[in-house]
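Chemist: For reference, the sequence and a predicted model appear below.
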Amino acid sequence: MGQQNCILLGAPLDSGKRRLGCLMGPDAYRTAGLVRALTDLGHTVTDRGNVAPAPYTPGQHPKLHALEETVAWTQSLAAAAEAALKEGTPIFMGGDHALASGTVLGAMRHAQAQGRPLFVLWLDAHSDFHTPESTDSGNLHGTPLGYVTGREGFDAFPDLPYPLPHDNIAIIGLRSVDAAERAALQETTIQRVDMREIDETGIATPLNSFLEKVAAANGMLHVSLDVDFLDPSVAPAVGTTVPGGATVREGHLVMEMLHDSGLMTSLDLVELNPFLDERGRTAQLMVDLAASAFGRRVFDRPTRAYSS
């Protein structure tokens, strides 16, 4: 992957769950130096500010939280993603993971226009494969992969150009999947890599197999990186902490392999809640990981000194 035209888009979406704080994420990434990290690597970087949701009228739903607002965000982010992909490599600074319903939809539209398949790498403790009917919490940040794969119950959301094929998805880092999602996932061919498999085989082996598939198909690759992919001991700024996540080094290895592959065409950075952070350490780690995805090596990473 050579020099990129990186397009930063803030997505202060906080409607996918009830615990607030992710709307501050885009500014936290800016404050943590994402622009500088990418420009220092020789990339062209344009920060286009924050996307806003399409107009909507809030409604009341017996179970689902902020359905109309989340649909409005899906509409606007899909349009923003499709437009940005025509010009460069978009990086979506979230915002909770419900934003991926829009960013993946936009990437699907763009890939279809290019006559290429889209693949999705989901780096997350959770599978986010629920539907509006199957979710117990009513939080729509747990439904994006259910939506883009064409599961039933998403009538309120924009129509898909096609259901994203299960073979084109890998979820890596799983360690919190409820019974309904597990049963649904086991009926699919989605590549599912939980932390036990990572413990047994390492993270490079399953990632390599997926990247080889993307390359063989001349595919475009959307990467969605959730803070809770990482262990909360190193990334505490997330409302859905699950112990036993990826280490800092495993995170960097994934990002370095993505850069080496030259396959990534768009990136989500999601679920950062600065309200829960410790002196910005999670935001800084996520910026460092993004930099690794765009060519920085750990040896080149400046030593961090946390100011009091």
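Modeler: Sure, I can see it.
Chemist: residues contacting Ala78?
Modeler: For Ala78, the contact set (Cβ atoms under 8 Å, 6 or more residues apart in numbering) comprises 102-103, 105-106, 109, 158. For the C-beta atoms, the positions are set from N, CA and C on the backbone; glycine is no exception.
Chemist: Ignore what I typed, I meant Thr265.
Modeler: Counting by Cβ under 8 Å, 6+ apart, Thr265 has contacts 85, 89, 107, 220-222.
Chemist: make it 7 Å
Modeler: Listed by Cβ atoms under 7 Å, 6 or more residues apart in numbering, the contact set of Thr265 reads 85, 89, 220-222.
Chemist: now, which of the contacts of Ala78 sits nearest Gln4?
Modeler: The closest of the contacts of Ala78 to Gln4 turns out to be Thr103 (Cβ to Cβ; 17.0 Å).
Chemist: on that earlier part again, most widely separated two among the contacts of Thr265?
Modeler: Spanning the widest gap among the contacts of Thr265 are Leu85 and Leu221, at 11.8 Å by Cβ to Cβ.
Chemist: show me where this protein has strands.
Modeler: Secondary structure of the chain, counting by DSSP state E: strands at 5-11, 44-50, 89-94, 118-123, 169-174, 191-194, 220-226, 264-270.
Chemist: export these to a markdown table and tack on mean pLDDT and distance to Pro232?
Modeler: Below are these laid out as a markdown table (pLDDT from 0 to 100; distance: least, Cβ to Cβ, whole Å):
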| stretch | mean pLDDT | distance to Pro232 |
| --- | --- | --- |
| strand 5-11 | 98 | 23 |
| strand 44-50 | 98 | 27 |
| strand 89-94 | 98 | 18 |
| strand 118-123 | 98 | 15 |
| strand 169-174 | 98 | 13 |
| strand 191-194 | 98 | 17 |
| strand 220-226 | 98 | 12 |
| strand 264-270 | 98 | 16 |
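Chemist: now those strands as TSV including distance to Val234?
Modeler: Formatted as TSV, the strands of the chain follow (distance: least, Cβ to Cβ, whole Å):
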stretch	distance to Val234
strand 5-11	24
strand 44-50	26
strand 89-94	19
strand 118-123	14
strand 169-174	13
strand 191-194	19
strand 220-226	14
strand 264-270	16
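Chemist: Go through the contacts of Thr265 and name the one nearest Glu271.
Modeler: Closest approach between the contacts of Thr265 and Glu271, by Cβ to Cβ: His222, at 16.3 Å.
Chemist: so what's the closest one bridging to?
Modeler: The partner list for His222 in beta bridges (DSSP bridges) reads Val120, Ser266.
Chemist: Quick check: it touching Ala107?
Modeler: Yes - the pair His222 / Ala107 is scored as a contact, 4.6 Å apart, by Cβ atoms under 7 Å.
Chemist: Now the common contact residues for these two.
Modeler: Common contacts of His222 and Ala107, defined by Cβ under 7 Å, 6+ apart, comprise 118, 266.
Chemist: So if I had to pick from those two, which one is more boxed in?
Modeler: Counted by other Cβ atoms under 10 Å, His222 and Ala107 do not tie: His222 has more neighbours, with 31 against 28.
Chemist: How about the contacts made by Met220?
Modeler: Applying Cβ under 7 Å, 6+ apart, the residues near Met220 are 107, 111, 116, 118-119, 265.
Chemist: Between those residues, which sits nearest Asp47?
Modeler: Once Cβ to Cβ is applied, the member of the contacts of Met220 that ends up nearest Asp47 is Thr265, at 19.0 Å.
Chemist: Against Gln75, how distant is that closest one?
Modeler: 21 Å (Cβ to Cβ, to the nearest Å).
Chemist: cool, and Ile190?
Modeler: 26 Å.
Chemist: Of these two, which one has the most company?
Modeler: Set Ile190 next to Gln75 and count neighbours by other Cβ under 10 Å: Ile190 wins out with 22 against 19.
Chemist: And the more buried one, how far from Ala217?
Modeler: For Ile190, the distance to Ala217 - Cβ to Cβ - is 16 Å.
Chemist: Does Phe154 touch Tyr147 like I think?
Modeler: Yes - the criterion here is Cβ under 7 Å, and Phe154 meets it with Tyr147 at 4.9 Å.
Chemist: Among the two, which residue is more densely surrounded?
Modeler: Shown here are Phe154 and Tyr147; by other Cβ under 10 Å, Tyr147 has more neighbours (28 against 21).
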